[in-house]
Structures are given as C-alpha cells and as structure tokens.
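> Here's a sequence, model it:
(chains A and B)
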Amino acid sequence: MAPHTEQLSTGQPSSGQLITGQLSTGQLTRPAVQLRELTRSFDGRTVLDGIDLDLPAGQFTALLGHSGSGKSTLLRAIAGLDQKVTGSGRLTAPERLSVVFQDARLLPWRRVLDNVLLGTDGEEKGRAALAEVGLKGRELAWPNELSGGEAQRAALARSLVREPELLLADEPFGALDALTRIKMRALLRELWERHRPSVLLVTHDVDEAIVLADRVLVLDRGRIGVDLTVDRSRPRGEYRSRLLGALGVTEDSR
Amino acid sequence: MTSTTTTAPVLAEARDTRRVRRRGLSPGRRLPASRLIGPAAVLALWAAASAAGQLDPGAIPAPWTVLRTAGRLWTAGTLPTDILTSLERAAYGFAIGLTAGVGLALVSGLSRVGEALIDGTVQLNRAIPTLGLIPLFILWLGIGEAFKIAIIAIVVYIPIYLNTHAALSGIDSRYVELAEVQGLSRWAFVRQIVVPGALPGFFVGLRLGVTGSWLGLVVLEQINATSGLGYLMFQAQNYGQSDVILVGLLVYGVFGLVSDSAVRLIERRVLSWRRTLSS
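Numbers count the residues shown, from 1 in each chain, chains lettered A, B, ... in the order given. I've put the predicted structure just below:
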C-alpha cells in the first residue's frame, strides 16, 4: 500500500526523519507503532508536544482524553492523514492499516458489499467479512437502508477485509445508541481476539476503554499523562476512578 | 386547541366524545396520471370553444384543423425533412455541449490549475447572453449549420458545466479522506467517488441543457434559417397560416417533453441508490 508511505514522506514540510516500517507477522517483538518526539501544531498552537510511544504488535490500546486534547490528531498522524499539518518527529507505522471513523462513512452509491471492497478486491473475502460482523444477507443492500449499528458493522467489515496489522478507531461507537454500543464493543473485542491486529481505540468513554483495552493511555495537553496496563482479572472500579481522576472528573453522586 | 383529559374513567366513552382530529397538512395522495390532467383540460377547452365558434379560426384554428394540417404537411409537404434538420442541429449542438461541459467540469473540479484557467472563463461566458453572440458567430462561421450548432453547444454546455462543477467541488471531504485511508489510486478515486458523487448535479445540468438546446434551436431557426421547423413557422407567419405555426409549436413541445422524460428515466435508473431516500 504505497499511499501511506507517500503521505508520510511528502507530508510534513518541517519534519525530521520519517520512517515507514513493514512488519511481518513473525516480528511480534518489534513494536507495531513507534513514535519519537512527535509534535503537531495548528496555527502555532501545539496539539501534540513531543510524544514518545510504542504500541506492541497485537496489543489493544485505548487512548482517552478530553475533546481537544489531541486524540484525533494523534490517530490521524499515525494513519498518515495529516499532510497539511505542520510537525516534526519520527513515526513508524505498518503500511497495512485500517481506520474506522466515528461515522460509518459508507459511500451511498455503492452497495454494502462494494463498500466493503473499496480499494481492494476479492468478493469472497468481502462476503466472509460481512458474515463475520453479522451482516450476512445484506451484501446487496444500499447504505441508506442500514441502521446506524449495521452501517458501523459494515465499516468494521471494510477495515477487516484488508487484514490490517494496525486498526485505528476514532470514537467508532460515539454516534450509536447505548444498547447498540454495548453490542458493538463486544463485536470489536471478539474480532480483535480472532485476528489480533494492534488496535488503537480513541475514545472519551472511560468505561469503554477499560472494558475493551489491555492498556489505556490518557492524553493530556499534548502529552501522554497516564499509561495504564489493565489486568482484566482485577475489578474495574479502581482503574475507573484513577482514569477519571487523570481526566479531572470527580463523581460525587455516591 | 381543546385540552384532553388524561384521566378518563371510561375509556371507550372518552375515545368517542373527545376525539382530537389532527388537521392533515400534506397535500394527500397523488391523483392518477396527474401530469396529464392540466394539459387535457386546456385541450378540451380549446376544442369546445372552437366547436362553439367562439374562436377566430384565422388566429386560433381548431385542434382538428391543426392535426389535419400536420398530416398534410407530413405526407405532402416538407415536415419530415424539417423535423430531421432540426433534430440534427439540436443533437449535434447538444452532443458537443455535453462533452465540453462534462470535460471542462472534470478538469476544473479535479485540478487547481484547471480551476484557475477554466472556472472564471466559464463564469464570464455565462454573463454574456449567448443569443447575443449570434451576429458575431455568423461573421465567424457563416450563416450555415456551423454557427447554429456552435450557439446550441454554448447554450447546453453552461448549465451542464455549472452544475457538474458545483457537484464535484461539493463532494464531502470525508469521502476524500476515506479514499486516502483505503489506498485508492487517483484514477480509482475519480471513478469510484468523484464521478458517482457528482452524478446528481450532472443530471440537474443535463435537464437544463436539454431544455436549453430546444430553446436555442427555436431562436436560431426563426431568424437565421433556410430550413427546419423554425423556418417552416417563419414562412407560415408570412402567409398567415396560423395552423402551420401551431403544428411547429406542437412538434417543439413533443420534442421537449420526450427528451426531458428520457433524461428523467435515465436519471432514475442511474441514481437508483437515491430512491431509497425518497420512498
């Protein structure tokens, strides 16, 4: 997938050295994503302030932060979607990565299966991916005919069909109703367990981060404020209060 | 508005006595063949007035006179050749205008250099009434077919360009981002996102263009022609044959209606994904 490489190398005019790495599945010890001194700014305002971060291959990481904390900027930098942003630093990311956006972003003029296969081919793979997200039989539906949850499932299938080494998700369930959100979280975790890509999930929902991820980062004023490894056998309550504290939120209802 | 009680002891009674009927604000169900009702009524009125002798047959001949004249012109006169000549002009002009409009819109919508060169120029062209160009075009291209086709092409390309270009530049930037993420090539991006995304706007331009081609034709054939429907009507004016003029108008009307319906039919087929929204 050449575009990602091109975007990174032509992208930042003022940047330092940029490397795009290729990871084979055998090299599990090498981090999938490596950021060194990554800085990004908009109109002189520094959004990312020298971030150093390694994401090991196959890890499910959640990135928390207030709106405006630079979560999405970080995700877009890793995705290679910030050609017009000034910045510097070194960034290594797999070429084979997929992005799930907050909106499903299906093209309304292509049927669901054709949306899943956008930019790739292999009809059988597409059908299999749709079946995996529970949309078997909806291959020929138009995106307008899908519910919000179904559309986001199709978007997941579109990411899945490319067999990504790295899956970037930018508040993927933010626009869904509470019940659908619970189902979609389970689906995402299930897909991750089966395919084991590295996942970086950007969210503002502390509970979502704890439920899904094995590691939770809190982005605060352009830096990684908290880096927490979640032991899934331990009660979630203590992680929750610690993360909420890091975000400056206090719950006084109880 | 009356208030309804929320605690109704006897439900059935409450339903009967206190039924609040909402006023229906939608225009209601569509009448069958509703498009044809208005024209049919006009036709009926015309026929009735003619039969009753209320209309001066010299000014407005009866419908059947017009039909008889049409038949006579078709079998014994020059009507088939005139129709063919007119159709040919409109078709050539339309084809050239369509190609130019779409081509220019694509170049202008997809590249900044193209936009800088083309968009302002077309806007300037749009500001000049195209029919005002007729004298100049006659000087340049002579009074033959070339200048007529050129004028029709200009009338056609402008709405097609404007609407297609607006649709192209209005394509959601989120889709552009998606294409980047999915690693689409430039060509695949144009084919799979830009073109289908711009089609609704293109069809708006196409319908305006089709109508425009007939409009241009009528004007051109009435003032600068030696053949064609407009020429037929112009001659009829000199001899006071109002029935022949009406035959010409009838043919123009049929042309306009048929071509517009054809475009609409194609539009419905091509944009079938949109039907799910309106139905």
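> Look through the stretch 101-250 of chain B and state the residue closest to chain A.
Of all residues in the stretch 101-250 of chain B, the one sitting closest to chain A is B:Gln182 (3.3 Å; Cβ to the nearest Cβ). Using the backbone N, CA and C atoms, a C-beta is placed for each residue, glycine as well.
> For that residue, which residues are in contact?
Taking Cβ atoms under 8 Å, 6 or more residues apart in numbering or on different chains, we find B:Gln182 in contact with A:Leu118, A:Gly119, A:Thr120, A:Arg158, A:Arg162.
> Show me what from chain A comes close to chain B.
By the rule Cβ under 8 Å from any Cβ of the partner chain, the part of chain A lying against chain B is A:1-4, A:7, A:79-81, A:98-99, A:101, A:103, A:105, A:107-110, A:118-120, A:142, A:144-145, A:158, A:162.
> Recalculate using a threshold of 6 Å.
Within reach of chain B by Cβ under 6 Å from any Cβ of the partner chain, chain A has these residues: A:Met1, A:Pro3, A:Val99, A:Arg105, A:Pro108, A:Trp109, A:Leu118, A:Gly119, A:Trp142, A:Asn144, A:Glu145.
> among those, which are in strands?
Within the residues of chain A next to chain B, residues falling in strands by DSSP state E are A:Val99.
> What is the nearest of the residues of chain A next to chain B to B:Trp214?
The closest of the residues of chain A next to chain B to B:Trp214 turns out to be A:Trp109 (Cβ to Cβ; 30.3 Å).
> Okay, and the residue lying closest to the closest one once chain neighbours are set aside sits in which element?
Among residues not flanking A:Trp109 along the chain, B:Pro196 sits closest, at 4.2 Å (Cβ to Cβ, 6 or more residues apart in numbering or on different chains). Using DSSP states H and E, B:Pro196 maps to helix B:195-223.
> Ok, B:Arg21 next?
Per DSSP H and E, there is no helix or strand for B:Arg21.
> all helices of chain B, in order?
Remark: helices assigned in chain B by DSSP state H are B:11-17, B:34-51, B:63-76, B:79-110, B:112-127, B:134-141, B:145-169, B:173-181, B:186-189, B:195-223, B:229-238, B:242-270, B:272-278.
> rank these by mean pLDDT and give me the bottom one.
Lowest mean pLDDT of these: helix B:11-17, a mean of 51.
> interface residues of chain B facing chain A?
B:Arg174, B:Leu178, B:Val181, B:Gln182, B:Gly183, B:Leu184, B:Pro196, B:Trp273, B:Thr276, B:Leu277.
> what sits against the first one?
With contact taken as Cβ atoms under 6 Å, 6 or more residues apart in numbering or on different chains, B:Arg174 is in contact with A:Arg105.
> quick one: pLDDT of A:Gly122?
On the pLDDT scale, A:Gly122 gets 88.
> which residues touch the residue in the stretch 101-250 of chain A positioned nearest to chain B?
Residue nearest to chain B within the stretch 101-250 of chain A: A:Gly119 (3.3 Å; Cβ to the nearest Cβ). A:Gly119 sits next to B:Gln182, B:Gly183, B:Leu184 when contact means Cβ under 6 Å, 6+ apart.
> May I have stretch B:54-61 as PDB, with CA atoms only?
Provided in PDB are the C-alpha atoms of stretch B:54-61 (Å, rounded to 0.1, in the frame of the first residue of the first chain):
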ATOM      1  CA  GLN B  54     -66.100  31.400 -30.200                       C
ATOM      2  CA  LEU B  55     -62.500  31.400 -31.600                       C
ATOM      3  CA  ASP B  56     -61.400  33.200 -34.800                       C
ATOM      4  CA  PRO B  57     -60.200  30.300 -36.900                       C
ATOM      5  CA  GLY B  58     -57.700  32.700 -38.500                       C
ATOM      6  CA  ALA B  59     -56.000  33.400 -35.200                       C
ATOM      7  CA  ILE B  60     -56.500  30.100 -33.400                       C
ATOM      8  CA  PRO B  61     -57.600  27.300 -35.600                       C
END
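> average model confidence for that stretch?
Computed over stretch B:54-61, the average pLDDT equals 87.
> just stretch A:137-150 next, same as before
Within the predicted structure, the mean pLDDT of stretch A:137-150 is 92.
> Now do the strands in chain A.
Going by DSSP E, chain A shows strands at A:31-42, A:45-56, A:60-64, A:86-92, A:97-100, A:166-170, A:198-202, A:215-220, A:223-229.
> Export those as CSV, with columns for mean neighbour count.
Below are these laid out as CSV (neighbours: other Cβ atoms under 10 Å in any protein chain shown):
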stretch, mean neighbour count
strand A:31-42, 20
strand A:45-56, 17
strand A:60-64, 26
strand A:86-92, 19
strand A:97-100, 25
strand A:166-170, 24
strand A:198-202, 27
strand A:215-220, 22
strand A:223-229, 14
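> Would you mind giving the ones you listed as JSON lines with mean pLDDT added?
Shown next, in JSON lines, are those (pLDDT from 0 to 100):
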{"stretch": "strand A:31-42", "mean pLDDT": "89"}
{"stretch": "strand A:45-56", "mean pLDDT": "90"}
{"stretch": "strand A:60-64", "mean pLDDT": "94"}
{"stretch": "strand A:86-92", "mean pLDDT": "86"}
{"stretch": "strand A:97-100", "mean pLDDT": "93"}
{"stretch": "strand A:166-170", "mean pLDDT": "94"}
{"stretch": "strand A:198-202", "mean pLDDT": "95"}
{"stretch": "strand A:215-220", "mean pLDDT": "92"}
{"stretch": "strand A:223-229", "mean pLDDT": "88"}
